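Engineer: Sequence plus predicted model, see below.
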Amino acid sequence: MYRRLTFLALTIATISGASKLASGQLEETPLSGELKALVIYAPRPQYPHEAFAKRLTGRGIVWLNVASRTGHVTSARMLKGTGHSILDQAALDADRQWRFKPGTVAKMKIPITFTMQGARY
């Protein structure tokens, strides 16, 4: 019987041009600290079935560029890959959907870990 797989991401924000922080509630992802006040929407990546079947895990770092005016991610790339392109792509697909409070974030580094144990931010 397969265990339920989820995504583990330790989120460390590198914020440039951050303005005042306000408290806020997240809709999908339980983040902590200052990031919780900046993120409006942060969906978790889907753990690809193929990666699950092969028991692939890995750690990497995603770099996001954010349109400060809108809070939408304009580009995402892997600064450090997980070692598996399928996991890298799952992380990028999810992180491109992130939304931030307008005027708070311009760039962000997100360390990410795919594991077979469970998930939390």
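Structural biologist: Received it, and whenever you're ready, just let me know what you need. Numbering: from 1, shown residues only.

Engineer: Just the buried residues of the longest helix seen in the chain, please?
Structural biologist: Counting by DSSP state H, the longest helix found in the chain is helix 85-95. For helix 85-95, the neighbour count (16 or more other Cβ atoms under 10 Å) marks 86-88, 90-92, 94-95 as buried. For every residue, glycine as well, the C-beta is placed using N, CA and C.

Engineer: can you list the residues that contact the helix or strand following that helix?
Structural biologist: Using DSSP states H and E, the helix or strand that follows helix 85-95 towards the C-terminus is strand 99-100. Residues outside strand 99-100 that contact it (Cβ atoms under 8 Å, 6 or more residues apart in numbering) are 38-42, 66, 71-73.

Engineer: quick one: average pLDDT of stretch 78-98?
Structural biologist: With pLDDT averaged residue by residue, stretch 78-98 scores 96.

Engineer: All further residue positions should be reported with the first residue as 10.
Structural biologist: Right, with 10 as the first residue, what we last looked at is stretch 87-107.

Engineer: picking that back up, buried ones among the contacts of strand 108-109?
Structural biologist: Using 16+ other Cβ under 10 Å, the buried members of the contacts of strand 108-109 are 47-49, 51, 75, 80, 82.

Engineer: So which of the residues you listed are in strands?
Structural biologist: The members of the buried ones among the contacts of strand 108-109 that map onto strands under DSSP state E are 48-49, 75, 82.

Engineer: Tell me the pLDDT of Thr20.
Structural biologist: Model confidence at Thr20, expressed as pLDDT, equals 32.

Engineer: er, Gln55 actually
Structural biologist: Gln55 carries a pLDDT score of 88 in this model.

Engineer: do the one 4 residues further on as well
Structural biologist: In the prediction, the pLDDT value recorded for Glu59 is 93.

Engineer: helix/strand/coil for it?
Structural biologist: The three-state label for Glu59, taken from DSSP: H, G, I helix; E, B strand; the rest coil, comes out as helix.

Engineer: contacting residues around the residue nearest to it when sequence neighbours are not counted?
Structural biologist: Once flanking residues are discounted, Glu59 sits nearest to Ile95: 6.0 Å by Cβ to Cβ, 6 or more residues apart in numbering. Listed by Cβ under 8 Å, 6+ apart, the contact set of Ile95 reads 57, 59-60, 65.
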